[in-house]
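>>> Any chance you could fold what I've pasted below:
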Amino acid sequence: MPERVRAAIDERERANEIMARLIQLTIVLLFSAIYTISPKTSPDEAFSPVPYVLGAYLVVSIIGLIWSIRQKLPHWSVYGSILFDFGLLYSLMVSFHIQYMQPASFILKAPTLLYVFIFIAIRALRFEARFVIAAGMVAAAGWAAVIIYVTRIDSGDNMLTRSYVEYLTSNSILIGAEIDKILSILFVTGVLTLVVNASKNLLVSAVTEEQAASDLSRFFDTSIASGIRESADRLEAGKGENREAAILFIDIRGFTRMAAAMEASDVMLTLSRYQSRVVPIVQQCGGVIDKFMGDGIMATFSFAGDRAAGSLKAIEAAESILRDCDKWAAEEPALKVISSTGIGLGVASGPVAFGAVGQENRLEITVIGSAVNYSAKLEKHNKVIGSRLIAAAATYREALEKGYAGALQAEFTTQQLEGVAEPQEIAVLSLQKLESAPVSSGAPFQEPIRIRPSPKTHSGI
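All right, here's what the predicted structure looks like:
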């Protein structure tokens with residue numbers, strides 16, 4: 001069993017052991033309450049062992065509870081607890097005939113025997129069959145000892161009988177009835193042992209799958225992983241849905257060339273720190289990380305069919321990333337190499353297809369559509385014109401109409417993009433020189449300055 005699975009199971013068993021200790025404490029408190037309110041038929045000066053038995057039981061229960069809270073109990077302590085539980089329970093039952101001044105056979109009629117099954121059952125909480133078996137064996141042996149005590153050690157005027165009616169209406173002893181009780185204890189122990197063994201196997205499988213699912217979910221965006229867990233349908237290749245979304249592409253300028261001259265561990269550290277800065281910003285703006293492509297990141301912003309809302313959040317995320325990028329050199333030593341070259345971002349919006357692709361044993365959640373291709377081309381075009389952020393003109397207008405009032409200054413221009421047949425109108429966005437207010441979504445629409453008028457099309461992508 002993998003160590004992390006073993007640790008997870010141990011944590012559950014420790015929590016269940018605390019629950020068992022709480023049940024024990026509840027039982028001793030219940031016994032104490034019953035003893036307190038029950039009538040006492042023995043003389044006041046007569047010795048009554050019940051308070052001492054209950055007191056010892058209470059002390060041991062409290063010690064066991066505190067011990068189980070502070071650390072995982074060793075196995076020997078569990079076995080010791082089993083012996084102590086049944087020892088005190090049977091001692092309490094034996095004391096009843098003394099308290100009520102009855103023959104020893106009076107013990108055999110006490111309903112307190114039913115607590116034996118509770119003590120056996122609480123051992124099932126540890127998901128260890130050996131503890132259940134140990135509890136059952138001690139319980140059966142203990143009741144056999146009580147029978148010997150009644151019939152041989154303190155027999156008094158007890159009489160053996162074969163009459164069930166006489167057994168119920170007198171202090172007579174019916175050996176068959178007592179053997180039946182022992183058999184009941186053993187059968188209950190056997191059934192619980194089978195249940196615990198099966199439950200342990202299920203627990204191991206469940207914890208193993210849970211650990212694997214937890215690790216695998218890290219390969220998906222949190223919202224996608226949550227959607228997969230909560231979906232009523234099985235995830236299959238070929239299933240998808242149409243959405244209106246904005247797509248954000250982020251890439252490090254010249255990283256492939258830089259990585260060739262770096263140690264592999266330094267490359268991975270740089271990527272890790274870069275992603276740890278960018279991904280939270282995307283997620284805070286409502287974006288979903290679609291995939292990591294080396295130093296590239298693709299994110300989707302989709303809000304129940306409201307494409308303009310996606311455009312707004314994508315632009316806000318891009319602005320926040322640019323602001324954060326300017327701090328990397330001072331705050332992240334591992335990212336100084338990126339600060340010297342910078343990053344590029346591209347944003348476009350439009351209809352996309354969202355779903356699973358691949359084969360049955362290897363699936364990938366992805367977004368496909370012209371907006372995806374277009375945003376990737378816009379991001380690459382930053383290298384051509386020396387910018388950091390380019391958005392499709394229509395996408396930026398949608399953000400403005402939705403209330404964007406951030407610090408990005410837009411310059412509209414028409415450019416020929418690589419791989420696109422016709423010139424495209426784009427919005428080259430840059431942070432204003434003067435520090436402006438944080439990004440908000442409440443300002444009215446304001447048409448930015450147009451540097452060069454051009455057609456509003458990006459067909460042929």
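>>> what about the helix or strand harbouring Phe292, distance to the chain center?
Assessed by DSSP states H and E, Phe292 sits inside strand 288-293. Centroid separation between strand 288-293 and its chain, computed with CA atoms, centre = their mean, to the nearest Å, is 23 Å.
>>> pLDDT (mean, whole number) over it?
In this model, strand 288-293 has an average pLDDT of 83.
>>> now stretch 2-10
Per-residue pLDDT over stretch 2-10 has a mean of 75.
>>> for stretch 59-79, same thing?
Mean predicted lDDT for stretch 59-79 stands at 84.
>>> Check stretch 172-181 too.
84.
>>> In PDB, list the C-alpha atoms belonging to it.
In PDB, the C-alpha atoms belonging to stretch 172-181 read as follows (Å, rounded to 0.1, in the frame of the first residue of the first chain):
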ATOM      1  CA  SER A 172     -32.900 -20.900  38.300                       C
ATOM      2  CA  ILE A 173     -30.200 -21.300  35.600                       C
ATOM      3  CA  LEU A 174     -30.900 -22.600  32.100                       C
ATOM      4  CA  ILE A 175     -27.500 -23.600  30.700                       C
ATOM      5  CA  GLY A 176     -28.800 -23.800  27.200                       C
ATOM      6  CA  ALA A 177     -30.000 -20.100  27.400                       C
ATOM      7  CA  GLU A 178     -26.500 -19.000  28.500                       C
ATOM      8  CA  ILE A 179     -24.800 -21.000  25.800                       C
ATOM      9  CA  ASP A 180     -27.200 -19.400  23.400                       C
ATOM     10  CA  LYS A 181     -26.000 -16.000  24.600                       C
END
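>>> Please point out which parts of it sit buried.
Residues of stretch 172-181 classed as buried by neighbour count (16 or more other CB atoms under 10 Å): 172-174, 178, 181. Quick note: C-beta positions are derived from backbone N, CA and C, even for glycine.
>>> The stretch 101-250 of the chain: helices as residue ranges?
With DSSP state H, counting those that start in this stretch as the criterion, the stretch 101-250 of the chain has helices at 115-122, 129-148, 164-169, 175-217, 222-230.
>>> For Asn382, which of these is the nearest?
helix 222-230 (27.7 Å; CB to CB).
>>> just to revisit the earlier point, give me the sheet partners of the strand holding Phe292 and which way each runs.
strand 296-301 (antiparallel) (DSSP bridges).
>>> Export the helices of the stretch 101-250 of the chain as a markdown table, with columns for distance to Arg388.
As requested, these are exported to a markdown table (distance: least, CB to CB, whole Å):
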| stretch | distance to Arg388 |
| --- | --- |
| helix 115-122 | 64 |
| helix 129-148 | 64 |
| helix 164-169 | 92 |
| helix 175-217 | 32 |
| helix 222-230 | 27 |
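>>> Buried residues in the strand holding Phe292, which are they?
For strand 288-293, by 16+ other CB under 10 Å, it's 288-291.
>>> before we move on, the earlier item: in a markdown table, list the buried residues of stretch 172-181 along with distance to Arg123.
Putting these into a markdown table (distance: CB to CB, whole Å) gives the following:
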| residue | distance to Arg123 |
| --- | --- |
| Ser172 | 34 |
| Ile173 | 30 |
| Leu174 | 29 |
| Glu178 | 23 |
| Lys181 | 19 |
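>>> quick check: domain ranges of the protein?
The chain resolves into domains spanning 3-216, 233-431 when parsed by automatic domain parsing.
>>> Next one: Leu322 relative to Tyr404, how far apart?
14 Å (CB to CB, to the nearest Å).
>>> How about Ala56?
74 Å.
>>> and those two? which has more neighbours close in?
Tyr404 (25 against 15; other CB atoms under 10 Å).
>>> helix/strand/coil for that one?
Counting by DSSP: H, G, I helix; E, B strand; the rest coil, the backbone at Tyr404 sits in coil.
>>> I'd say it and Ile315 touch.
Yes: between Tyr404 and Ile315 there is a contact at 5.7 Å, judged by CB atoms under 8 Å.
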